[in-house]
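Engineer: just the structure for this:
(chains A, B, C and D)
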Protein chains: 4
Amino acid sequence: MPILAGLSEEMKASRPLADIQVGICLHVEPKTAVLCQVLVDAGAEVVITGSPGTTKDPVAESLRATGVTVYGCAADDAVAHKTNIASVMSHRPQVILDNGADLAACAARQGVSIVGGTEETTTGANRLREELSGDVPFPVIVINDSPLKAIVENQHGVGQTVVEGFMRTTNLLIPRRKFAVIGYGWCGRGIARYLKSYGGDVVVVDTDEIRALEAALDGFEVRGLDAAAPWSDVLITVTGRPDIVRREHLESMKDGAILANAGHFSWEIDLAGVARHPVKEGVERLDVAGGKRLYLLASGEMLNLAGGGGNPIETMDLGLSLQALSLARVAQSTDALVTGPQPVPDDINRDVARRMLAALSG
Amino acid sequence: MPILAGLSEEMKASRPLADIQVGICLHVEPKTAVLCQVLVDAGAEVVITGSPGTTKDPVAESLRATGVTVYGCAADDAVAHKTNIASVMSHRPQVILDNGADLAACAARQGVSIVGGTEETTTGANRLREELSGDVPFPVIVINDSPLKAIVENQHGVGQTVVEGFMRTTNLLIPRRKFAVIGYGWCGRGIARYLKSYGGDVVVVDTDEIRALEAALDGFEVRGLDAAAPWSDVLITVTGRPDIVRREHLESMKDGAILANAGHFSWEIDLAGVARHPVKEGVERLDVAGGKRLYLLASGEMLNLAGGGGNPIETMDLGLSLQALSLARVAQSTDALVTGPQPVPDDINRDVARRMLAALSG
Amino acid sequence: MPILAGLSEEMKASRPLADIQVGICLHVEPKTAVLCQVLVDAGAEVVITGSPGTTKDPVAESLRATGVTVYGCAADDAVAHKTNIASVMSHRPQVILDNGADLAACAARQGVSIVGGTEETTTGANRLREELSGDVPFPVIVINDSPLKAIVENQHGVGQTVVEGFMRTTNLLIPRRKFAVIGYGWCGRGIARYLKSYGGDVVVVDTDEIRALEAALDGFEVRGLDAAAPWSDVLITVTGRPDIVRREHLESMKDGAILANAGHFSWEIDLAGVARHPVKEGVERLDVAGGKRLYLLASGEMLNLAGGGGNPIETMDLGLSLQALSLARVAQSTDALVTGPQPVPDDINRDVARRMLAALSG
Amino acid sequence: MPILAGLSEEMKASRPLADIQVGICLHVEPKTAVLCQVLVDAGAEVVITGSPGTTKDPVAESLRATGVTVYGCAADDAVAHKTNIASVMSHRPQVILDNGADLAACAARQGVSIVGGTEETTTGANRLREELSGDVPFPVIVINDSPLKAIVENQHGVGQTVVEGFMRTTNLLIPRRKFAVIGYGWCGRGIARYLKSYGGDVVVVDTDEIRALEAALDGFEVRGLDAAAPWSDVLITVTGRPDIVRREHLESMKDGAILANAGHFSWEIDLAGVARHPVKEGVERLDVAGGKRLYLLASGEMLNLAGGGGNPIETMDLGLSLQALSLARVAQSTDALVTGPQPVPDDINRDVARRMLAALSG
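Structural biologist: Okay, here's the model as predicted:
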């Protein structure tokens, strides 16, 4: 992770978090440990808890060995998680790094004063805007909404690794295979583009006319889902919305066709009432009306994560670097920041883009 | 022009401009004549003038034969143009189709009451926003700012035809040739992409870090202009800004290197004081310090227009269709429109996108 | 495997191997079992042995259940293999399907009369031409030399799965990464092309000037190995020849650079005397002079097999179908065949190409 | 023409044609003049004539000014041409550079003794092998059959310039347009590839199953001509054979579809009895049964030559360089050459490939 490594060197010298108490809620796993180390090197006192069930105990142990306070363990359930959050907040952190707004919600409940924080997820940002609206009297920089994530992670990271996940789970050649990509957002255009660059016969489905026209001029055939489903050998959803592929679409598909999802939730394909039979790792057979067999990859979970190696390292490097710089900003100068959830400051985006460009030119 | 042809059929039946007086300022050339015919078929009374020097007299003649009132001729100068504008306005048009805000300025001066209008150019839109700010008490839909134009005309139309213009003026193969594309906006990414798809070795220059990172992830090497200029065999500017390539860049280039511009104005390459010698059609030799010879394509004017066949027909079809629907909207329901310059209404963009998709699927 | 499935249906009806004794030496694994079933359905009596150590006992068991005679088991060593070969030959097969010319060598030694056979590998074909030259008085069709394998397996199958293996072992993004592909044969051009289609910065190395020029016109930068090695982030060999990347090249590479091989043998990178340390699955660290660390993927074995999911199913379908048709040809009409090793008959290649095209158009 | 320029420098020093009389039959046009100059610089006495009607008189004049003997003028007909050929041969050239075997035929008739020569065209090579078989007791190197021409000129040169010719004659966008490319030889695969890289929807037709399979794995849909013709918006022939597209295919096409040819002769589309009406430069309207209108580009002549700027300069540089080196070889060492027509010696191909690579790396 060259960007984070460079930041770490700089922050060791400049110590932008000197004597700042940082409270963190984030999966306690190796990459998080790297971020914690950067924050510690930047001068912070770090106290962290994970999410229910995701804490890796050896990582927690090694973090403790470096002076980080860690609450929780792999066995924690939702109740234990709540206690852990309270424990983190009991350290009176000046700055928080949040995941799903759990720390912010606790601070709001307790009326604890916080200088500011960051939030990893769009879900957390929505919670801040809705459920916690008005209760968060400090700035929270939302990392996931950075345009850099759309470019690096969604378009290219997801695009390349979804193709990898398809090859890994199926061991099939791509040329001339008929792929229907449902959704031409950032992820969808990455997937469509990389499949086509491999010789796939790619049809794009998007109900937004402007995106559909973009897809056409990018060289893709555009169809409605009703026409794309029975045509496709492989149908991949990536719309972000539920119940896009429904019973009637499944029944219209060819015997032997393959289904996968690359959207955040597995809800895009409605599998209610469909019999599922494991075939091999990452592949289930679906029996649909009329004796047709369809094949579902990675249980309908994100194909690149559940069926492949997950997002490339570069996307972590990017995300963690945005976190480190945004936390330092919050700690040092909240003047330029408004109250509540907000995008990553433009100059931080540009700084990280410049660093990533330098790393790519290595 | 299948979109416009389809619209024409529909408007013949629905007659959305029945008995509306439409005043037009637009180059009087064949494609304009087609638009006029659509407006006449839609029920309009049309009165038109061109811009100084661009009127094609035979087209004017044929328009008159169909009942359109035409002012001006090929020989017109700026003074005559002003008179022509006034003549058009003397017809008291309810609706205007403007180019550079000439009709709107006249209406403002005369205090003439207008229902609304359209403006073809971004230049005209800027004039409405600045010089004429507050003086245009009616809605003006700005055609050139439609996202469809960015997609269809800028990225793909300009992208493909700039490559065509390069091949036409130079008769050179593209594989492994070193191209520096300066500017990674809509046009620049189209040019870079099509050159690369032809095997060109393409370096992108953009001072905007986010765009530069996009270019890198799209597979392009990114450099600063200082490094790209001496490396390149061919340097193409498309930034929209003046004096990007300056004397020091020219002097750093390789003997025999080629320069071209694809931006709207020829000002991007500063040629002040550089000796220019015609070599063959579309190619001039530039003598720069140190005895180096550079080659300038199409006099530094837009390479696809001045050195090639110009924008593809599809971009005209798109632009004229946006004009026809926007004029009908202005004539029929200004309620949903604000006063002053404004984007093409979203539903019109979507309608035209849908029509273009249908035409592409033909 | 749609081609083989179609052939199986046809051969069940036409029974081209009716009452023919077929002796087979081929890895006893699931795909071989499928081929055996096709041969049995075509009327053959099948007797088979594997290669030392590659026999999967459950597959052997299931083959026996269908009436196939199987010699050998997973525990076999070279001595046991020799006995197994003799056992197969003791059945007096009229037709043999050979792997490495083991059956043919036995037949030559014993002076057994054989109608004809097929040979899977180029290695076996070379053995027939050299060591066994003059001792094989019957036609042997060499499957691996079919132009279809070059197209389907080498260019596209290997090309796509090497990229998959790279992503799987490294979890790295491809755009702008610097790849040196050493060798621009069928495999090399597939690898280079797919890496480039993913945005990789690909340099091709080939000492053959014609191939190098092809690479350049295909859009790749061409360099010598001495220049490519220190430039590359990732160096992939696929030349088919030994000791291409030598100590001096390794020492010239960047700290942190990655090495992989996609050629048949792991001999292309000379690792003699280089310290190797496992890092994670599929990745070893190499310590070279000057404290540099390089990373070797898949132990230098074929990256797509040892580091990824292996060749796509379509390439097996192709190879087994060529086997089935070639065996039937040998059994039915040796008149058109010469004695000794020879290419797959042109009409069989065309027949299989036609069947594969039909399958791709599905 | 950097390769030829480099050769010229070397030959000025080494003078491989010192005092050799070189007789040439080749179109007298600017590029030929450049070649003549190289030969003169290499020490040759040059005498030249053109083909009927292709001599450009100013070029002839300027050649004469440099000491070259030129026979013929622009006004020459077939009879005059015959006399010119005889005039060239009357100089008793030791070495000939031939076009269509006209000089060789004259030498055979007259029994003139020649050391050896080159032949530009495949047509001339065929004449040497057939009509003149046995009558040419000297080596003739056939330039057009060099594998370099297939790579540089056919695949890339023709591929790129056919797309340019299409854009120039039609001014149409390429994305999603339906192109049928008939023939997947070197030219056809270049055309198909470049059209696809521009977003075209490309179907390939080839009756050779192996080529068809290659096309499919290269990502193209493959169809028969009967299915491709009615589907296509644009049909391009490049098979090298006559009467591929026949009346029934024309009548099956869509109203408004476009036809073009990129093969050497215009005979691939059978237009016998079809009414043709000029529309604009490079476009004719064809009226076929049922009131359908088709559009023929460049009169059915090679689209890149007759409708565009012709082959790129690099292909001339390549061809003329092969000529210069082959002539020097014939003059200096015929020992390694057999009698009669033969391919360019392998080492000359490799030498020129190396020089072109160096030029591309510039």
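Engineer: burial count for residue A:355?
Structural biologist: 21 (other CB atoms under 10 Å in any protein chain shown). For every residue, glycine as well, the C-beta is placed using N, CA and C.
Engineer: chain neighbours aside, what residue packs nearest to it?
Structural biologist: residue A:3 (4.7 Å; CB to CB, 6 or more residues apart in numbering or on different chains).
Engineer: next up, the contacts around that neighbour.
Structural biologist: By CB atoms under 8 Å, 6 or more residues apart in numbering or on different chains, the residues touching residue A:3 are A:317-318, A:321, A:352, A:355-356, A:359.
Engineer: 6 Å - rerun?
Structural biologist: Residues in contact with residue A:3 (CB atoms under 6 Å, 6 or more residues apart in numbering or on different chains) are A:317, A:321, A:355-356, A:359.
Engineer: swap in residue A:155?
Structural biologist: A:186, A:190.
Engineer: buried residues, stretch A:261-270. List them.
Structural biologist: A:261-264, A:266-270 (16 or more other CB atoms under 10 Å in any protein chain shown).
Engineer: lowest-confidence entry in those?
Structural biologist: Among the buried residues of stretch A:261-270, residue A:264 carries the lowest pLDDT, at 87.
Engineer: quick revisit: quick one: average pLDDT of the host helix or strand of the residue nearest to residue A:355?
Structural biologist: For residue A:3, the host element (DSSP states H and E) is helix A:2-14. Confidence for helix A:2-14, expressed as mean pLDDT, is 96.
Engineer: what are the buried residues along it?
Structural biologist: Neighbour counts over helix A:2-14 (16+ other CB under 10 Å) mark A:2-4, A:7-8, A:11 as buried.
Engineer: check stretch A:216-230 too.
Structural biologist: Counting neighbours by 16+ other CB under 10 Å, the buried set in stretch A:216-230 is A:216-223, A:225, A:228-229.
Engineer: could I get these as TSV with secondary structure?
Structural biologist: Shown next, in TSV, are these (DSSP: H, G, I helix; E, B strand; the rest coil):
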residue	secondary structure
A:216	helix
A:217	helix
A:218	coil
A:219	coil
A:220	coil
A:221	strand
A:222	strand
A:223	coil
A:225	helix
A:228	helix
A:229	helix
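Engineer: and the residues you listed, which is closest to residue A:96?
Structural biologist: residue A:218 (41.3 Å; CB to CB).
Engineer: state the distance from the closest one to chain B.
Structural biologist: Using CB to the nearest CB, to the nearest Å, we find residue A:218 at a distance of 8 Å from chain B.
Engineer: what sits against that residue?
Structural biologist: Per CB under 6 Å, 6+ apart, neighbours of residue A:218: none.
Engineer: repeat that with 8 Å
Structural biologist: Counting by CB under 8 Å, 6+ apart, residue A:218 has contacts A:189, A:192-193, D:175, D:199.
Engineer: kindly report the same for residue A:351.
Structural biologist: A:325, B:209.
Engineer: same check on residue A:71?
Structural biologist: Applying CB under 8 Å, 6+ apart, the residues near residue A:71 are A:47-49, A:83-84, A:87-88.
Engineer: that one and chain B, how far apart?
Structural biologist: Distance from residue A:71 to chain B, by CB to the nearest CB: 37 Å.
Engineer: now residue A:43
Structural biologist: 27 Å.
Engineer: kindly format the C-alpha coordinates of the helix holding residue A:3 as CSV.
Structural biologist: Extracted in CSV, the C-alpha atoms of helix A:2-14 (Å, rounded to 0.1, in the frame of the first residue of the first chain):
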residue,chain,number,x,y,z
PRO,A,2,2.3,2.7,-1.3
ILE,A,3,0.1,5.7,-0.7
LEU,A,4,-0.5,4.9,3.0
ALA,A,5,3.2,4.0,3.4
GLY,A,6,4.1,7.5,2.1
LEU,A,7,1.6,9.2,4.4
SER,A,8,2.9,7.2,7.3
GLU,A,9,6.4,8.5,6.7
GLU,A,10,5.2,12.1,6.5
MET,A,11,2.9,11.8,9.6
LYS,A,12,5.7,10.4,11.6
ALA,A,13,7.5,13.7,11.1
SER,A,14,4.5,16.1,11.2
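Engineer: after it, which helix or strand is next?
Structural biologist: Heading C-terminal from helix A:2-14 (DSSP H and E), you reach strand A:21-25.
Engineer: which of the contacts of residue A:3 fall within helices?
Structural biologist: A:317, A:321, A:355-356, A:359 (DSSP state H).
Engineer: quick one, what contacts the residue nearest to residue A:354 when sequence neighbours are not counted?
Structural biologist: Spatial nearest neighbour of residue A:354, chain neighbours left out: residue B:209 (5.0 Å); criterion: CB to CB, 6+ apart. Residue B:209 sits next to A:349-351, A:353-354, A:357 when contact means CB under 8 Å, 6+ apart.
Engineer: turn these into CSV, columns for pLDDT.
Structural biologist: Listed next are the contacts of residue B:209 as CSV, based on pLDDT from 0 to 100:
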residue, pLDDT
A:349, 97
A:350, 97
A:351, 97
A:353, 97
A:354, 97
A:357, 96
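Engineer: now the residue in the stretch 1-150 of chain A that chain C sits nearest to: how far from residue C:233?
Structural biologist: Chain C sits closest to residue A:2 of the stretch 1-150 of chain A, with a gap of 9.5 Å, by CB to the nearest CB. Residue A:2 sits 12 Å away from residue C:233, going by CB to CB, to the nearest Å.
Engineer: next, show the common contact partners of the two.
Structural biologist: Both residue A:2 and residue C:233 are contacted by residue A:362, under the criterion CB under 8 Å, 6+ apart.
Engineer: would you mind listing what in chain A touches chain B?
Structural biologist: A:147-148, A:151-152, A:155-156, A:209-210, A:212-214, A:216-217, A:221-222, A:349-351, A:353-354, A:356-357, A:360-361 (CB under 8 Å from any CB of the partner chain).
Engineer: pull out the buried members of those.
Structural biologist: A:147-148, A:151-152, A:155-156, A:209-210, A:212-214, A:216-217, A:221-222, A:349-351, A:353, A:356-357, A:360.
Engineer: okay, the residue sitting furthest away from the middle of chain A: pLDDT?
Structural biologist: Farthest-out residue of chain A from its mean C-alpha position, per CA atoms, centre = their mean: residue A:290, at 37.7 Å. Looking at residue A:290, its pLDDT is 82.
Engineer: got a list of what it touches?
Structural biologist: So residue A:290 contacts residue A:251 (CB under 8 Å, 6+ apart).
Engineer: so it, which of the three states?
Structural biologist: Secondary structure of residue A:290, per three-state DSSP, is helix.
Engineer: how close does it sit to chain D?
Structural biologist: In this view, residue A:290 and chain D are 28 Å apart by CB to the nearest CB.
Engineer: go on, residue A:53?
Structural biologist: The spacing between residue A:53 and chain D, counted by CB to the nearest CB, is 44 Å.
Engineer: and residue A:27, by the same measure?
Structural biologist: On the measure of CB to the nearest CB, residue A:27 and chain D end up 40 Å apart.
Engineer: what about that residue, neighbour count?
Structural biologist: Applying other CB under 10 Å, we find 16 residues neighbouring residue A:27.
Engineer: list the contacts of it.
Structural biologist: Per CB under 8 Å, 6+ apart, neighbours of residue A:27: A:50-51, A:54-55, A:99.
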